[in-house]
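Novice: what shape does this take:
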Amino acid sequence: MAASDPIPSERTLVFTVEPGLESAGALEKLHDYLAKTGAQARLTSLDDSDEEPVARRATSAKEMSGAYVLRAQSKAESHRLEDLLRGDPRVHDLYRPPAYRAHRTARAIAAAPRELAPPAPVTPWSPEVARKFAEAAAVVQWGYERCGFSKVRRDLDSKTELGPIVMIDNGNHLRHPQLAGVVRRYRGTGAPHQGSVADHSSSVAAIIGARRGALGSESGAMDGCCPAEIEMYNAWTTTDGLDHDVLYRGLVHAIRHRRPVVNMSLWLDDDRVDDKVASLLDECEKNGVVVVAAIGNAGTTPVSFFPATHPTVVAVAATDPGDQRQADSSVGRHAFIGAPGENIYTVVGDTDYDRMTGTSFAAPFVTAAVWLARRKRPDLIPVQIRWLISQSVEKPGTPHNSELGFGRLDMQQLVNHIDKVPSPEECARFFENGMAPATVGAV
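Specialist: Okay, here's the model as predicted:
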């Protein structure tokens, strides 16, 4: 797998082992489990520069100390092993990186968890934050409701025919009833039987456009944020990671057919920017295609991911139910907007539902907002859409910051500003001036 290729990090655990303490038995059980399953190579010491398997270093749990990364074979196994380790006095900094994380980046982020900054003192919630958490707990689709999608459907209704959303994602598990009629085109890797069959793509797609259809008001059914159709490009393989050709084809298709918006809930290491992708993103801008990308899940670690760092891309951070940055959401000056990304209710498998966390699941809220805005105002070009999105936040006019950009998505504010969008030249000056808050709202 190339160093720039994303991997599903829901199967990765990072932890440190402190020497000289009595174990509660978890490490012994883990060591025995790995030995019995022949999976020793999946437990890697991060103190070894060549990532030598632990089996060549520690013959028993008593010899284990330092920093480790454990790659489980399934999500269920990852949770089992996490539960096993939690509570052992020798284990510290137990950390499960969410969403996608590049292989080399995962090592850089976790290279020495013992050196991570100590947890900040717990700040008591303000009454407002506590109220928001309580409200979210009482609503199944708290993100959908918090952004206000259900309240603005009539205001943003339009008879304008608008093309589908292009999604470049991971997986082809798209048989859930709520996705019936949503995915109108599917393209995957050319290698036979190599395309990813993950749920990730369906979970993201459902946030955008799930249809209740025959499910009606059946328990568990969810609402998508917009009635868009989706053209899916499954850019992940089961063997070689990211299929760059599929990624290119998805962007070329969006450019050629002038699709309104592209959703990319995957990324590459910023220090290995793919020049061809960068060029295609420039072409998207020239051809009227807005690109929305998840900012990444590296927390406050100084690592950035491409394409979210591209200047024309709307980089989406994740918020928690208190409208604060979700703990794992990446930070950086390129952060453009926040959207709910913690415990987001969506589809999994053929019939099931689950709650997902990560910026992958925040990006589709913004993608749906862009699609609705473009259907209402098809005359707007990408720089104007970006200006509109910058105002479509809970508190428009607040200073831009590196955690949530302009703030958390608020669809009522999109409605309030959609007829006040400045000229392309004024919008361009707004961004060229460093997105200064004094300029916000000067329409």
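Novice: buried ones in stretch 255-269, by neighbour count?
Specialist: By neighbour count on 16 or more other C-beta atoms under 10 Å, the buried set for stretch 255-269 is 255, 259-269. For the C-beta atoms, the positions are set from N, CA and C on the backbone; glycine is no exception.
Novice: out of those, name the two that are farthest from one another.
Specialist: Spatial extent of those (C-beta to C-beta) is set by the pair 260 and 269 at 28.6 Å.
Novice: would you mind measuring from the residue nearest to the spatial centre of the chain to residue 187?
Specialist: For the chain, residue 360 is the residue whose C-alpha lies nearest the centre (C-alpha atoms, centre = their mean; 1.8 Å). Between residue 360 and residue 187 the computed distance is 20 Å (C-beta to C-beta, to the nearest Å).
Novice: the closest residue to residue 177 other than its chain neighbours: neighbouring residues, count only.
Specialist: In space, residue 177 comes closest to residue 215 once its chain neighbours are excluded; the distance is 6.0 Å by C-beta to C-beta, 6 or more residues apart in numbering. Counted by other C-beta atoms under 10 Å, the residues lying close to residue 215 total 16.
Novice: so what's residue 215 up against?
Specialist: Residues in contact with residue 215 (C-beta atoms under 8 Å, 6 or more residues apart in numbering) are 177-178, 221.
Novice: for the residues you listed, which one is nearest residue 402?
Specialist: The shortest approach to residue 402 among those belongs to residue 178, at 35.5 Å (C-beta to C-beta).
Novice: quick check: the closest one is in a helix.
Specialist: Yes. Assessed by DSSP: H, G, I helix; E, B strand; the rest coil, residue 178 belongs to a helix.
Novice: hmm, residue 208 and it touching each other?
Specialist: No. Applying C-beta atoms under 8 Å, one finds residue 178 not in contact with residue 208, separated by 11.4 Å.
Novice: that older thread, secondary structure and distance to residue 147 added to the buried residues of stretch 255-269, as TSV?
Specialist: Listed next are the buried residues of stretch 255-269 as TSV, based on DSSP: H, G, I helix; E, B strand; the rest coil; distance: C-beta to C-beta, whole Å:
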residue	secondary structure	distance to residue 147
255	helix	28
259	coil	22
260	coil	19
261	strand	16
262	strand	20
263	strand	15
264	strand	20
265	coil	17
266	coil	22
267	coil	23
268	strand	28
269	strand	30
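Novice: any regions of the stretch 301-443 of the chain where pLDDT drops low?
Specialist: 434-443 (pLDDT under 70).
Novice: overlap of the contact sets of residue 178 and residue 208?
Specialist: With C-beta under 8 Å, 6+ apart as the test, residue 178 and residue 208 both reach residue 224.
Novice: tell me the contacts of the closest residue in space to residue 163 that isn't next to it in sequence?
Specialist: Using C-beta to C-beta, 6+ apart and skipping the chain neighbours, the partner closest in space to residue 163 is residue 259 (5.0 Å). Contact analysis of residue 259 by C-beta under 8 Å, 6+ apart lists 163-166, 231, 253, 289.
Novice: swap in 10 Å and give it another go.
Specialist: Shown in contact with residue 259 (C-beta atoms under 10 Å, 6 or more residues apart in numbering): 162-166, 231, 250-251, 253, 284, 287-290, 371, 374.
Novice: one more: residue 376?
Specialist: Contacts for residue 376 (C-beta under 10 Å, 6+ apart) come out as 155-158, 160, 162, 414-415, 418-419.
Novice: CA atoms of stretch 136-149 as CSV?
Specialist: Output of stretch 136-149 as CSV, limited to C-alpha atoms (Å, rounded to 0.1, in the frame of the first residue of the first chain):
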residue,chain,number,x,y,z
ALA,A,136,-29.3,15.9,20.6
ALA,A,137,-29.8,12.9,22.9
ALA,A,138,-33.5,13.2,22.4
VAL,A,139,-33.4,13.2,18.6
VAL,A,140,-32.4,10.3,16.4
GLN,A,141,-31.1,12.4,13.5
TRP,A,142,-29.7,15.2,15.7
GLY,A,143,-27.3,16.4,13.0
TYR,A,144,-30.0,16.7,10.4
GLU,A,145,-32.2,18.6,12.8
ARG,A,146,-29.4,20.8,14.2
CYS,A,147,-28.5,22.0,10.8
GLY,A,148,-32.1,22.7,10.1
PHE,A,149,-32.7,20.7,6.9
